[in-house]
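Novice: Here is my input; please provide its structure:
(one chain, ligands or ions: 2)
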Amino acid sequence: MTAHPTGSGASGSPTAPGEPAAGSLLVDGIGTLVTNDPGLGDGALGEIADAALVVEDGRVAWAGPRTRAPAADTRVDAAGRCVMPGFVDSHSHIVFAGDRSREFEARMSGRPYEAGGIRTTVAAVRAAADAELAATAAALLAEARAQGTTTLEVKSGYGLSVADEERCLRVAAALTEETTFLGAHVVPAEYAEDPAGYVDLVTGPMLAACAPHARWIDVFCERGAFDADQARAVLRAGRARGLGVRVHGNQLGPGPGVRVAVEEGAASVDHCTHLTREDVAALADAASDGPGTVATLLPGVDFSTRQPYPDVRALLDAGAVVALAGDCNPGTCFTTSMAFCVALAVREMRMTPAEALWAATAGGARALRRTDVGHLGVGARADLVLLAAPNPVYLAYRPGVPLVAAVWKDGGLVSGRP
Ligand SMILES: N=CN[C@@H](CCC(=O)O)C(=O)O
Ligand SMILES: [Zn+2]
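Specialist: Ligands and ions are numbered 1, 2, ... in the order given. Model (predicted):
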């Protein structure tokens, strides 16, 4: 660290928006610092009151009480506000085209959500140019980032042909390293009479074209999409190509999604709206044995589809690892706000504010099997959020209010102003 010998902050102007910090950066005067490192501070969030944090080379170099802070080349004054790790949103479908607001309107008038709505977006994506897909996705990524998301997973799944899935993944890979091949989202209309043929396409030529752009493979294991055997075939083919596996499951009703995910060693099973006692036990067992399968809950989906919320207390009481993610998509949840999801999880699912914030940061990192994000321990990526609030409880306490004042990614200011 380029530290100065004084204990007080060095002088220097705050980093200009978009510019990476040159040299070391001291963020001083932090009212509450959330580190998610219980070795550094109080509780599961590792909270430190009246704190400071030093960034160097894009990583956290020091975190602790401000009275002991080393100086640095540049200083930012948090003026008593909260600093937390950036949100790790481990589930999104932001590469799409078209508009489904009328489908939402119909749903709010009583029509149930059905997986078939996905095909509406598939038709729009197939008709859209790459540049249109890229512009929409980049705008949504910027929107998410301005609200504190510093790691965002992005799936394909609205192309459902070799060429369209491949170009959706190329668009995603230009935005994030957390890309997921979801050719097995639903069976497209042209394969309606031959679902087995579509699984062969996904596990064969489509996977071959998409794997170079993807880190993960995913499957929607649900009535109306893919059954347990089809899901296993998809996940195994992806794993054989070196992809990590994840599953959409138990969204629309009880089903085999969780069981398949745990048995196939998936990093995460997402939705988990309808769980049996056996599902909860399987997720808890998985958590006690190796990296496990994280239960990723998507409360924005349950909100926007008028579904019940998952039984998160059963999961937490049993010892499962829980993440919260946004699932931004045009059909079931068109939000990029992780703060909104945290507020829903607290109010509607009865998570404590600390549980919800952990799940939306460290939990998301676990769901992506990442150790460099989701916390602010020494060595972590300096992905920071400065809140216009003294502590993180405000995320749920002031729902719907834009509380994110500034966002740094890898130590560089990418949104807002300190
Ligand atoms: N459940 C499956 N896929 C998306 C929905 C996509 C859509 O309806 O367009 C989800 O995560 O909710
Ligand atoms: Zn999804």
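Novice: how about the helices of the stretch 301-418 of the chain, start to end?
Specialist: Listed from the start of the chain, the stretch 301-418 of the chain has helices (DSSP state H, counting those that start in this stretch) covering 312-318, 338-347, 353-360, 362-367, 394-397.
Novice: can you pull the buried residues of the last one?
Specialist: By neighbour count, with 16 or more other CB atoms under 10 Å as the criterion, the buried positions of helix 394-397 are 394, 395, 396. Where C-beta positions appear, they are placed from N, C-alpha and C, glycine not excepted.
Novice: is it true that the first one touches residue 405?
Specialist: It refers to residue 394. No - taking CB atoms under 8 Å as the definition, residue 394 is not a contact partner of residue 405, at 11.7 Å.
Novice: returning to that earlier point: make TSV out of the buried residues of helix 394-397 and add pLDDT and distance to ligand 1.
Specialist: Converted to TSV, the buried residues of helix 394-397 look like this (pLDDT from 0 to 100; distance: CB to the nearest ligand atom, whole Å):
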residue	pLDDT	distance to ligand 1
394	98	28
395	98	23
396	98	23
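Novice: Residue 154: which of those is nearest?
Specialist: Of all these, the one with the least separation from residue 154 (CB to CB) is residue 395, at 23.3 Å.
Novice: so the closest one touches residue 353, yeah?
Specialist: Yes - in this structure, residue 395 is within contact of residue 353 by CB under 8 Å, at 7.1 Å.
Novice: Now for the two: what residues contact both?
Specialist: Where contact means CB atoms under 8 Å, 6 or more residues apart in numbering, the residues bridging residue 395 and residue 353 through contact with each are residue 342.
Novice: out of the helices of the stretch 301-418 of the chain, deepest packed?
Specialist: helix 362-367 (a mean of 27; mean count of other CB atoms under 10 Å).
Novice: packing partners for that one?
Specialist: Contacting helix 362-367 under the criterion 3 or more CB pairs under 8 Å, 6 or more residues apart in numbering; DSSP states H and E are the following elements: strand 87-89, strand 294-297, strand 322-324.
Novice: The second one pairs with which strands?
Specialist: In other words, strand 294-297. Strand partners for strand 294-297, identified by DSSP bridges, are recorded as strand 268-271 (parallel), strand 322-324 (parallel).
Novice: what do you get for the first one?
Specialist: Under the criterion DSSP bridges, strand 87-89 sits next to strand 149-152 (parallel) in its sheet.
Novice: Averaged pLDDT, the partner strand. What do you get?
Specialist: When pLDDT is averaged along strand 149-152, the result is 98.
Novice: Okay, now the unreliable bits of this protein?
Specialist: For the chain, applying pLDDT under 70 flags the ranges 1-21.
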